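Chemist: Starting from these lines, generate the structure:
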Amino acid sequence: MIELILKGQLYLFLIIFVMMVAGMIKDNNLFSDVFTFLKRNIKSNRAVVAIFSAITGCMPIKGRVTVSAGLLDTMASKDPIKREKFGPIDFMPTHHYYFWSPLEKTVILPMAAFGLTYAGFMQIMWPLLAITLAYILWYLIFVIKDDDIELAKTDSVIKVSRITRYVFPYIIAIGSIIAGVNFLWSFSALVLYYMIVTQTFDLKKLFGYVDWKIVGMVAVIIALANIVRTSTNDIYDFMGATGFDPNSYLGFGAISLLAFAAAWLLGSSSRFGAITVILTALYGIEYLPWFFAVDFAGYILSPMHKCVAIGKMYFGTKLSYYGKLLGGWAILVTAVSGALFYV
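Modeler: Numbering: from 1, shown residues only. Below is the predicted model:
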């Protein structure tokens, strides 16, 4: 039992390191020169918005939707009709992260629970990421117009040395994990590097960046997934004794619907990741895309999801506008995951 509980828990260190790095980036405003450089040098307004939203969407910080909204607000037109288009720009590029980032719990959890490498995870999940990126690009290219965007001139001084000193090491650390380098080496080195360049030597402050509740919850989820995976036959026997067959079309549909409903009610990425891992542990790794898609759909459509409220507050985006776009995204991702069973 102890072995089951401890298996895969090494990934908790990645979460801790990510939170430490995120805290130092945010407190010291380490990426400001990149944003200024892009805003000043790219001619296409839509390209600037696309790159800004992509960068803010990939930043491993709590509340990155709010950070993204603050930046996009400086580019949004004052016209209410044009302005409301920025709500989905704020939302979608900050949520593709869950499909691919080696720093996100929805990726870390399946890797830890099923012993997957990053390459192994992406080999399974890339179709869902591909349709997601295609959907976001469709919105940026065909829905947003250049005159919807008003870029203010900036006189801030850009220091290339700050970009090479603060941003490049972060990119190298992410790239090394994707390339297969052990995350303990990559991110422990990055934490140490940022501690030195930002002079963050107060360990109480450094560990204060860590949300220990999330770390504890992830530890419990990994342990539960390990237990479920080794107890599959017992769980099936128990369900069979109650007259419920999880492998029948009706049973599988009912569990999928319950998973969607739970993710919809909870509106939390950590919890949708937990539901995905536990149900995949019950059915098998080949069902990972399906349960991921179903739970992701419930998550982005959830009334408990604060990101829609943030976009509505900043840009006045109507809920009906969100509903059409996010509903379309949810349908596409679910349809692609279902199609994978027939490929």
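Chemist: When you work out contacts or count neighbours from here on, use the C-alpha atoms and nothing else.
Modeler: Will do.
Chemist: Can you find the helix or strand in this structure with the smallest mean pLDDT?
Modeler: helix 232-241 (a mean of 56; mean pLDDT, DSSP states H and E).
Chemist: moving C-terminal of that one, what's the next helix or strand?
Modeler: The first helix or strand that comes after helix 232-241 along the chain, using DSSP states H and E, is helix 249-266.
Chemist: just checking, what packs against that following helix?
Modeler: On a contact count with 3 or more Cα pairs under 8 Å, 6 or more residues apart in numbering; DSSP states H and E, helix 249-266 meets helix 269-283, helix 288-300.
Chemist: And for the most centrally placed residue in the chain, nearest residue in space, chain neighbours not counted?
Modeler: For the chain, residue 98 is the residue whose C-alpha lies nearest the centre (Cα atoms, centre = their mean; 2.8 Å). Closest residue in space to residue 98, ignoring its immediate chain neighbours: residue 106 at 5.8 Å, by Cα to Cα, 6 or more residues apart in numbering.
Chemist: And for residue 334?
Modeler: Nearest non-adjacent residue to residue 334, counting by Cα to Cα, 6+ apart: residue 293, 5.1 Å away.
Chemist: what do you get for residue 170?
Modeler: Nearest to residue 170 is residue 190, by Cα to Cα, 6+ apart, at 7.1 Å.
Chemist: swap in residue 102?
Modeler: Nearest one to residue 102, counting by Cα to Cα, 6+ apart, is residue 108 at 6.3 Å.
Chemist: Same question for residue 44.
Modeler: Going by Cα to Cα, 6+ apart, residue 44 has residue 146 as its nearest residue, at 7.3 Å.
Chemist: For residue 327, see how far away residue 294 is.
Modeler: From residue 294 across to residue 327, the span is 12 Å (Cα to Cα, to the nearest Å).
Chemist: what sits against residue 177?
Modeler: 102, 118, 183, 186 (Cα atoms under 8 Å, 6 or more residues apart in numbering).
Chemist: Compare neighbour counts for residue 294 and residue 327 and give me the winner.
Modeler: residue 294 (27 against 15; other Cα atoms under 10 Å).
Chemist: Return the residues in contact with residue 129.
Modeler: Contacts were defined as Cα under 8 Å, 6+ apart; by that measure residue 129 touches 96, 99, 100.
Chemist: Confirm for me that residue 38 is in contact with residue 48.
Modeler: Yes - Residue 38 sits in contact with residue 48 when judged by Cα atoms under 8 Å, with a separation of 6.7 Å.
Chemist: before we move on, back to that, which of the helices or strands spans the residue nearest to residue 170?
Modeler: helix 183-197.
Chemist: For that helix, name the packing helices and strands.
Modeler: Short answer (3+ Cα pairs under 8 Å, 6+ apart): helix 183-197 packs on helix 12-28, helix 168-179.
Chemist: follow-up on the earlier one: quickly note the distance from the residue nearest to residue 334 to residue 141.
Modeler: To residue 141, residue 293 is 25 Å away according to Cα to Cα.
Chemist: Residue 194 too?
Modeler: In terms of Cα to Cα, residue 194 sits 37 Å off from residue 141.
Chemist: More neighbours: these two, which one.
Modeler: Applying other Cα under 10 Å to residue 194 and residue 141 shows that residue 194 carries more neighbours, namely 20 against 13.
Chemist: and the more buried one, what does it touch?
Modeler: 21, 24, 166, 200.
Chemist: ok, now with 10 Å
Modeler: Residues in contact with residue 194 (Cα atoms under 10 Å, 6 or more residues apart in numbering) are 20, 21, 24, 25, 30, 165, 166, 169, 170, 200.
Chemist: Can you tell me the closest non-neighbouring residue to the second one?
Modeler: The reference is to residue 21. Nearest to residue 21 is residue 191, by Cα to Cα, 6+ apart, at 5.8 Å.
Chemist: tally of neighbours for the one you found?
Modeler: Counted with other Cα under 10 Å, the neighbours of residue 191 add up to 21.
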